[in-house]
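A.B. asks: A structural model of the following input is requested.
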Amino acid sequence: MSLKFSVLASGSTGNAIYVETNKQRLLIDAGLSGKKIEQCFKQIGLCPSKLDGILVSHEHSDHIKGVGILARRYKLPVYANQKTWEAMAAGVGAIPLEQKFHFKTGEAKAFGDLDVESFGVSHDAADPMFFSFHHEGRQLTILTDTGYVSDHMMGITKGSDALIFESNHDMDMLRMGKYPWTVKRRILGDEGHVSNVDAGIALADIVRDSRADIYLAHLSLDNNMKDLARMTVQQTLEENNIEVGRQVKLYDTDPVIPTPLKVV
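C.D. replies: Numbers count the residues shown, from 1 in each chain. Alright, predicted model coming up:
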């Protein structure tokens with residue numbers, strides 16, 4: 001199988017995911033500086049000059065910080081929906097018109113031998129969306145930056161062989177932490193971020209009748225820990241009769257260390 005990916009960086013400080021087939025190489029979000037993203041690529045033995053394009057999920061800075069510099073430096077096409085283009089204009093700077101493309105929420109596009117389906121999520125951005133990738137009968141889905149997982153999101157995500165899935169915060173750490181109440185309320189709201197427990201509950205439904213590799217993503221730097229996220233999700237899955245280690249495998253992601261290039 002030739003569908004592969006690496007979570008180059010994931011967390012509240014920046015997000016970027018690389019997806020490739022034999023014929024296509026795409027970057028999903030670029031929420032770090034151009035220099036840091038280049039370093040991440042170097043760590044997995046690749047170079048952004050080989051990319052065929054950048055897909056943008058939404059306009060928050062931890063997803064677009066390096067979009068403009070990479071697009072200009074390597075002359076890459078950038079794909080986003082109309083509202084995201086409008087909202088991120090100042091954040092990405094000038095991008096030549098011939099490099100700007102529209103990818104509507106709910107649309108499916110073919111990128112060579114890779115089919116990409118976009119779907120809406122519930123987040124406090126202009127028109128946030130994420131992506132499910134299909135190639136030769138294999139499916140990879142990215143689902144982060146949502147306050148809850150709707151039935152529609154679950155329907156798209158079910159059947160995925162690999163998932164990059166939000167497990168943003170531990171509820172107790174967030175409630176007792178240093179954030180002002182306005183920020184805590186945003187994170188806990190329907191347009192915020194999914195907690196460890198809610199990630200486990202949603203994943204139990206998604207993978208109930210299938211096998212999958214699950215990468216826990218977008219962990220808060222202040223309100224979560226890798227071991228805690230993994231333990232909580234595992235416990236919730238096992239309470240729902242999902243066998244971790246056999247039926248599903250759980251993997252960590254990191255703000256600065258890419259995951260090894262993985263075949264889906």
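
A.B. asks: Where do the helices of the stretch 101-250 of the chain begin and end?
C.D. replies: 151-157, 171-176, 181-188, 196-206, 226-239 (DSSP state H, counting those that start in this stretch).

A.B. asks: List the buried residues of the second one.
C.D. replies: Think helix 171-176. Going by neighbour count (16 or more other C-beta atoms under 10 Å), the buried part of helix 171-176 is 173, 174. Glycine gets a C-beta too; all of them are placed from N, C-alpha and C.

A.B. asks: Now do that helix: everything it contacts.
C.D. replies: 184, 187, 188, 195, 196, 197, 220, 222, 223, 224, 228 (C-beta atoms under 8 Å, 6 or more residues apart in numbering).

A.B. asks: Give me the below-cutoff pLDDT ranges for the stretch 1-150 of the chain.
C.D. replies: The stretch 1-150 of the chain contains residues with pLDDT under 70 at 1.

A.B. asks: Mind jotting down where the strands sit in it?
C.D. replies: With DSSP state E, counting those that start in this stretch applied, the stretch 1-150 of the chain shows strands at 4-9, 16-20, 25-28, 53-55, 78-80, 100-102, 108-111, 114-120, 129-135, 138-143, listed in chain order.

A.B. asks: possible to save the ones you listed as TSV with mean neighbour count and distance to residue 87?
C.D. replies: Converted to TSV, the strands of the stretch 1-150 of the chain look like this (neighbours: other C-beta atoms under 10 Å; distance: least, C-beta to C-beta, whole Å):
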stretch	mean neighbour count	distance to residue 87
strand 4-9	25	22
strand 16-20	25	19
strand 25-28	24	18
strand 53-55	24	16
strand 78-80	25	9
strand 100-102	13	14
strand 108-111	14	21
strand 114-120	19	15
strand 129-135	24	13
strand 138-143	24	20
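
A.B. asks: want to try a markdown table for these, with distance to residue 234 as columns?
C.D. replies: Converted to a markdown table, the strands of the stretch 1-150 of the chain look like this (distance: least, C-beta to C-beta, whole Å):
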| stretch | distance to residue 234 |
| --- | --- |
| strand 4-9 | 19 |
| strand 16-20 | 23 |
| strand 25-28 | 26 |
| strand 53-55 | 30 |
| strand 78-80 | 35 |
| strand 100-102 | 40 |
| strand 108-111 | 33 |
| strand 114-120 | 26 |
| strand 129-135 | 23 |
| strand 138-143 | 18 |
